[in-house]
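J.: Have a look; sequence and predicted model below, questions after that.
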Amino acid sequence: MKNKILIILVLAGMTGLKAQDQTVNGDLTVNGNILANKALLNDPNTTSNWNSIWQSGFYESLNAPNSPEASGWFWGINFNHRSNNPEYRYNGQIAIKNSATNPTMYFRSTGVDGNGVWSKILHNTGNQKINGDLSLNRLQLNDPNTTTNWNSIWQSGFYESLNAPNSPEASGWFWGINFNHRSNNPEYRYNGQIAIKNSATNPTMYFRSTGVDGNGVWSKILHNTGNQKINGDLSLNRLQLNDPNTTTNWNSIWQSGFYESLNAPNSPEASGWFWGINFNHRSNNPEYRYNGQIAIKNSATNPTMYFRSTGVDGNGVWSKILHNTGNQKINGNLAVLGKIESKEIKVTNTPTADFVFEESYKLPSLDFIENYIKVEKHLPEIASAEKMKQDGVNIGDFQIQLLQKIEELTLYTIQQEKRIKTLESNNQSLHKENKQLHSLSKRLNDIEKLLKTNE
C-alpha cells in the first residue's frame, strides 16, 4: 500500500523545471533548491540503524538498532543540518510506531555520531507516561486512579477507593493524593498521603507518612466545622474557648476540660450556676477515672471557689478555698507554720471556766500550790514549757486554763480580803482594848500617887 504524503517545500531558489507534472522513475539528485506544490513518494527510505541516518527524508525500519523501541516497525522523518559536512551532521528525527490501536510517536535530536535520546510525544489517547519532570501552569484530571489498598500505592498521583483496606476508616469512599519519594527503587518507596472521606455535611481529612512496606498511621486533620477529637497530646501557645462543656452532674465528669452547670447534682452547693475545670487521670480506662475539680460559684459580689478530688465513681468532698474578701469559715483544723496577724480572733464552741465559782468546786490550798510549783516548776493543769514546745498550744483550751487560774486567783484574793478584814477588825478591837487598858493603867498610877501622898 502506497503512502501518500503531502509536502510543501519553500526553498531559497528554483531549478529550471517547467510548471508541469514530471515523473522520475529512478533516483533524483538535485544540487540546487526544489519548489513544489505537491510531492508524492511511493516508498520511504529503509534504514537498518537510526543512528546512521544523516540525510533529510522519510524512513522506515524493522527491529532496527537505536529505534525508539527495541522491536517493531517504525516510520519517520529525518531533518538534517543544512551542511553535509561530516562535522555538522546533526539531525532531528520523528518516528511513529506501527500500531492502529495504540499510536506512539517519538522525537529526538542527534549529535554528529547519530546518538540521541528518544522522547515519547504525549497525546490524548490511552495512558501516558513521563519519565522526567512535568511543569504545568494548570492541571485538570477527568478521573483519579483507583486503589484497592492504600498500602500498595507508591506512585505520586490522585486516587480513590471504596471500602479499601488500610484506608483511614474501615469503610466508605475516600479521595486522596499520594506523594512518593523521588526514587522508584523498591527500597525507597516512602510516601506521604492525604485522604478525604466522602461526606458533604461532615468533612473529614486524614494524612500519613508510610514506610517502604506501605504502612503508616493515619492522623485526622482538625478543622473548624463540627466537633474535633485529639487522641494524643496538644501543645498550644494560647487557648481560647467560646463555650464550656455543660454537665448535669459533676460526678459524671471524667474528661479534662472546662464545664458549667445549673442546679446540678453533686455541685459544691445545692443550687446556682457553677463554672469550673476538670483534670482527669492520664488513662481513660474506667478503672482509673480519678479527677481533680475546681468550681467557681456565679456571684459578682461574693466570689466562692471550691475544689475536690474524686474517686473512680466520681464522688469526692468539696472544700471551699479561703480568700481575703468577706468572712471565711473553716469546718476543720487549720495548721499555720508561720505567724498569724489579726485584728481580732474569736474562738467559739469552747466551754468556760465558770465551774470554779460553783459551790462544789474544791479550791486547791496555797500550800498545795506552793509545793506543786516547787516540784513541777509550773502551775497545776497548765502544760510545762517543754510540753508546749513539743505539742504546741491549743489557744481555746489555753485561754480557758488561764481563765480558770484567774478565777482561782480571784477566789484566793477574796479569801485573803476576808481574812484581812477580819484581822483589821480584830486589830481595831485589840487597839480599843489596849487603849482602855492604858487608861486604866494611868488611873491606877494616879490612885497610887494619891495614896502615897496621903500617908
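T.: Yep, it's here.
J.: give me the number of residues near G172?
T.: Here the count is done by other CB atoms under 10 Å, and G172 has 15 residues near it. Yep, even glycine has a C-beta here, placed from its N, CA and C like the rest.
J.: And for D243, the neighbour number?
T.: By the other CB under 10 Å criterion, the neighbourhood of D243 contains 7 residues.
J.: residues contacting it?
T.: Not one residue lies near D243 by CB atoms under 8 Å, 6 or more residues apart in numbering.
J.: in the stretch 351-455 of the chain, which spans are helices?
T.: Counting by DSSP state H, counting those that start in this stretch, residue ranges of the helices within the stretch 351-455 of the chain are 366-376, 385-391, 395-454.
J.: Which of the ones you listed sits closest to N327?
T.: Shortest distance between N327 and the helices of the stretch 351-455 of the chain, using CB to CB, is found for helix 395-454: 19.1 Å.
J.: relative to helix 366-376, how tilted is that closest one?
T.: Between the axes of helix 395-454 and helix 366-376, defined by axes from the mean of the first three to the mean of the last three CA atoms, to 10 degrees, the angle is 130 degrees.
J.: begin at 271 from here
T.: Okay, residue one is now 271; in that scheme the one you just asked about reads as helix 665-724.
J.: Format the helices of the stretch 621-725 of the chain as a markdown table; extra columns: mean neighbour count, mean pLDDT and distance to G586.
T.: Putting the helices of the stretch 621-725 of the chain into a markdown table (neighbours: other CB atoms under 10 Å; pLDDT from 0 to 100; distance: least, CB to CB, whole Å) gives the following:
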| stretch | mean neighbour count | mean pLDDT | distance to G586 |
| --- | --- | --- | --- |
| helix 636-646 | 11 | 91 | 48 |
| helix 655-661 | 10 | 89 | 32 |
| helix 665-724 | 11 | 87 | 30 |
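J.: Would you mind splitting the chain into its domains for me?
T.: 271-393, 415-491, 531-604, 622-725 (automatic domain parsing).
J.: With distance to I500 added, can I get the ones you listed in CSV?
T.: Formatted as CSV, the entries for the domains of the chain read as follows, by distance: least, CB to CB, whole Å:
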stretch, distance to I500
domain 271-393, 45
domain 415-491, 9
domain 531-604, 13
domain 622-725, 51
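J.: hang on, the earlier thing: so which of the helices of the stretch 621-725 of the chain is nearest Q563?
T.: Q563 sits nearest to helix 665-724 of all these, at 33.4 Å, using CB to CB.
J.: That closest one packs against which elements?
T.: Contacts defined by 3 or more CB pairs under 8 Å, 6 or more residues apart in numbering; DSSP states H and E place helix 665-724 against no helix or strand at all.
J.: Let's have the helices of the stretch 621-725 of the chain in JSON lines, adding distance to H551.
T.: Converted to JSON lines, those look like this (distance: least, CB to CB, whole Å):
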{"stretch": "helix 636-646", "distance to H551": "55"}
{"stretch": "helix 655-661", "distance to H551": "39"}
{"stretch": "helix 665-724", "distance to H551": "40"}
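J.: Of all those, which one is nearest Y376?
T.: In terms of CB to CB, the element of those nearest to Y376 is helix 655-661, at 103.5 Å.
J.: With just CA atoms, put that closest one into CSV.
T.: The C-alpha trace of helix 655-661 is given here as CSV (Å, rounded to 0.1, in the frame of the first residue of the first chain):
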residue,chain,number,x,y,z
ALA,A,655,7.2,24.9,128.7
GLU,A,656,8.8,21.7,127.3
LYS,A,657,5.3,20.2,126.6
MET,A,658,4.1,23.4,124.9
LYS,A,659,7.2,23.4,122.7
GLN,A,660,6.7,19.8,121.8
ASP,A,661,2.9,19.7,121.3
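J.: Where does pLDDT dip in this protein?
T.: Filtered on pLDDT under 70, the chain yields the residue ranges 271-292, 353-354, 453-454, 553-554, 619-620.
J.: Return the residue spatially closest to F544, with its sequence-adjacent residues excluded.
T.: Ranked by CB to CB, 6 or more residues apart in numbering and with sequence neighbours excluded, the top spatial neighbour of F544 is A565, at 4.6 Å.
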